[in-house]
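Asks: With the input below, show me the fold.
(chains A and B)
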Amino acid sequence: MGAEIIVKETGRVATSNLLGAVRVGPLCAGTYTLMIRFIGFESQTHVIQVPGALLRVALEERREMLSEVVVQEHAPTLNPSQSVATLGAQELSQNLGKPLGEVLKNLAGVSALQSGPAIFKPVIHGVHSQRILILNNGVRQEGQQWGAEHAPEIDPFIASNITVIKDAGAIKYGTDALGGVIVVTPADLPERPGFGGKFHLIGSSNGRSGTVSGLLEGGLGNGWGWRTHGTIKRSGDFHSPHYVLSNTGFQERSFSVAAGQHREHFGFDVFFSHFQTTIGILRGAAVGSASDLANAMQREPPAFTAPFTYRIQQPRQEVSHSLLKLNTHWERGRHTFHLQYGLQYNHRLEFDLRRGALREIPALGFKLFTHTLDFEWEQARSAQHTRCWGVNAMLQDNNKVDGTQTIPFIPNYTNISGGLFAVEKWTRGDWQWDAGARYDWRSYQIVGFDFLNRIFRANNQFHNVSGTLGARYQLTPRNAIATTLGTTWRPPNVAELYSLGTHQSAAAIEYGLLLDERTTEVQPLSDANFANEQALKWVGTYTWRTADAQLELSGYANYIFNYIYLRPTGVTESLRGVFPYFRYTQTDALFLGTDASVSFQFHRYWTMRGRAALLRASDVRANDYLIFIPPNRLEVALRYEKPTWGTWHNFYVEAKPRYVLRQNRAPRVITVPEILESKENGIDLFASDGRIFDFLEAPPAYFWLGASVGISKNVGGSRLDFRLSVDNALNQAFREYTNRMRYFADEIGRNVSFSATWAF
Amino acid sequence: MLQLNKTMKNLLKFAFALFVSVGVLSLQSCEDDPEPENIPEIVTKATLRFAPAAGSTGSVVTVTATDPDRDGPQDLRVDGPINLVRGTSYTLTISLINELVSPDDDDYNITKEVEEEADEHMFFFSWTNNVFSNPSGNGNIDNRTDPVNYNDRDSKGQPLGISTNWTTATGTSALAGKFKVVLKHQPEIKSATSRSTDGETDVEVEFDLNVN
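Replies: The predicted structure follows:
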């Protein structure tokens, strides 16, 4: 929504675009009076002559601001052509207490890869893990994201909004954004004197979980502000409609402190956060060899199902993540400079089922230190043209935790990366353009242990360029189309090159790209047939807005060259039994899809919202399907909202039915008994047919229902919000294709949650 | 162009110094080689030793199964076949070793560990129907209640199976079949009714067996 310009003589109203440009006319020659208004700014009147020169108007901020309105001053500078979806304060308040990956599922085009009821990895347009960049308060989140059961270590309570950028043109942020970028942004620190805060109390029936979270912030005058927040969560075993999901409880603790000063042309802040969690993995999913896996898949309820407990035993993860950020920005006329330093420490331990005294020793442990330094120079070259140049540097060190008494799954390494970028944006009337280019370089120095526990060393370098081109056209004040075409790349993750062994009791052995196929010896990169993964992504979006309706329709095509994935290559027999094994390989993949979201207020109190996501992914080289691709889904929400009801406010009732289709574009099925049988008969299943496979058929389509009701009350100067919600209201037993636990157990059953928030 | 005042210059210098110093500090840690892990849980070789009862005609029969590359793709190397003399009683002793450590290391002898944790381990056996006269049947991998002659028990009286007794079939024709051994790790679930499908598999190996 832009500034309003009213031509007094004709009564015509025009609205400026996001960059503040507007065309008012056509007007016959003469003298006109223009009135210019924008909320929060002082209105102005200008008398102009037609024909005449271009009129440039700078509005001044109105000094009284409503205290309830939070204005995002330093939101990520988005290109107008980007395909973006945002979860604002309202949506976040309706998903309190849920993990980040689960909250993001509320956006069209975003799904999640789960490992049980509490571990969610975001999936944007079908891609996840190293192909998504997560910015935690402006700093690239660096953890062990190669693992399919490693969720991002971020507390959503810290965010005032979460934005997902769905195109590959995230030029400013670096490599790894092949699928998109998730930007988790806390609110700006308070700048005016005052004191405020929020407390949340949430309880859920499934898992008998409780969450307490609080936030305090204040301004000290002269632009100084501070904030602190903390969250504690505790959950016991979840349950499906028919049985307990043993060992799926978790506990989580996090806190943050921030302080800084913001003035008109200068600002700085310091931020520190610490997040730690212990998460259990379904006990019945922990297996040794393929025979154990066959047993586990057949059993329902899963093996080792026991009565509800809060105890978290093996297998489990213990992860902590600390972040320190120092940030400053300053303006000089039309130039703005940003400088940011980030330090992250990620500590991960994974406990598996082990014999005797080893039980309490983690089977996997890594300490990851990451330093990042980012510098950006923005110039507003004119009202129609801005330019942004920048440099990013990263220094990262990964070391194994000593004493695990296992061969480390990935080696120790030092990663030095650097990048340069330039982005230009222009406006010409109803058109907005942006173009960006970037060069990145990365070097790995690796020291690891091979399959015979002998030390090996390697040194690898990668470099490449990325570029985007985008355009946005405002067709009419109501509708606009935008499109971007971008190419981006990512260097391989060390896990994809060198991983070896089984990990978190998964009954399959994984081999990195650089392990020789026959001898399992480590090869140098130059000997392997390796090429950088590179994506070419096109996204087109059409938006239509009126006073009571909104429609956003976007289509995308993402072609990923040299896509790295795990392919089954054989079945091996060791003393522990038979194990299928998988090797990281490269192919070309294509992701085609559509996201649609619509909202329509058809009555004073009633709103209907709908969301659909369709995705068609294929392995182009092998002419086959890919695995764990989110199936198509349709969600509708029907909401009744009454702004005032007696002394209460914001009463709403909402029903959210959802329909998820069966993933028919899933790989062929080879069951575990078939694997065992062919091994016994000496048949090499994968010799003639190396296509990927799945152990079980994709689960059937399902219908799911959620509902919620909420109300608020103003008490003195503060506000109380209450909310009662039911997830899986019909207590359906179903399995979700993108949950890795679907081989062993159903999804969780009915979950009733109650939350109370006090904001002051 | 850029007019940095004193505060900003200092801030920049501070940021840069911080980056470099912390960077150097963390680089220090990677200059020393990481310590190799001591790996105790591995069984690299399983040996089955059939010792005939005193006074019988047969000799000691030993077969091994060796894992040449642990988690690598090469299959288990199983030697054999187990050639037993008909109508003879044998005592089978199973031994499991980890050859990645030296023989005087504590983690070399896995059998000793299994014995120490007898309450959590059990060997299960299966064989082709006709090769043994005692025990009868085809072993307890398919059915826990099928007979197997265990010589050792855990503290709760449940069988362990490091040592077992076998009598080959009599008759005139040569017999050929298979012999399978499975070691299960059943922490907290081993009982009088726990089966070969309960718990985690520590060892699973099959040999050819002939009775002449």
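Asks: all strands of chain B, in order?
Replies: For chain B, the strands identified by DSSP state E occupy B:45-52, B:61-66, B:77-78, B:82-84, B:89-97, B:121-127, B:132-134, B:149-150, B:163-168, B:175-185, B:200-211, in order along the chain.
Asks: Make CSV from those strands and add distance to A:F754 to it.
Replies: From N, CA and C alone the C-beta is placed, and that goes for glycine too. CSV is the format used below for these (distance: least, CB to CB, whole Å):
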stretch, distance to A:F754
strand B:45-52, 56
strand B:61-66, 58
strand B:77-78, 60
strand B:82-84, 66
strand B:89-97, 54
strand B:121-127, 47
strand B:132-134, 64
strand B:149-150, 56
strand B:163-168, 59
strand B:175-185, 43
strand B:200-211, 40
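Asks: Please pull out the lowest mean pLDDT helix or strand from chain A.
Replies: strand A:13-15 (a mean of 73; mean pLDDT, DSSP states H and E).
Asks: Name the residues of that strand that come out as buried.
Replies: Within strand A:13-15, the residues that qualify as buried by neighbour count (16 or more other CB atoms under 10 Å in any protein chain shown) are A:A14.
Asks: packing partners for that strand?
Replies: Contact partners of strand A:13-15 among helices and strands, from 3 or more CB pairs under 8 Å, 6 or more residues apart in numbering or on different chains; DSSP states H and E: strand A:4-7.
Asks: Relative to the whole chain's centre, how far out is the strand it packs on?
Replies: Offset of strand A:4-7 from its chain centre (CA atoms, centre = their mean, to the nearest Å): 40 Å.
Asks: cool, stretch A:723-743 as well?
Replies: 21 Å.
Asks: do stretch A:622-639 as well
Replies: 17 Å.
Asks: for it, which positions count as buried?
Replies: Under the neighbour-count rule (16+ other CB under 10 Å), stretch A:622-639 has A:622, A:625-633, A:635, A:637, A:639 buried.
Asks: And these, which two are furthest apart?
Replies: With distances taken as CB to CB, the most widely separated pair in the buried residues of stretch A:622-639 is A:A622 and A:R639, at 44.9 Å.
Asks: the strands in the stretch 551-700 of chain A, which residues?
Replies: For the stretch 551-700 of chain A, the strands defined by DSSP state E, counting those that start in this stretch occupy A:577-601, A:606-619, A:633-645, A:648-660, A:668-669, A:693-694.
Asks: Now do the same contact list for residue 199.
Replies: Just so you know, I chose chain A. Under the criterion of CB atoms under 8 Å, 6 or more residues apart in numbering or on different chains, the contact partners of A:F199 comprise A:V212, A:S213, A:G214, A:L215, A:T757, A:W758.
Asks: not what I meant, chain B
Replies: Neighbouring residues of B:G199 by CB under 8 Å, 6+ apart: B:K184, B:H185, B:Q186, B:P187, B:I189, B:K190.
Asks: Go again with 7 Å.
Replies: B:K184, B:H185, B:Q186, B:I189 (CB atoms under 7 Å, 6 or more residues apart in numbering or on different chains).
Asks: Could you list which of those residues also contact chain A?
Replies: Among the contacts of B:G199, proximity to chain A is found for B:H185 (CB under 7 Å from any CB of the partner chain).
Asks: Many thanks, I have nothing further to ask.
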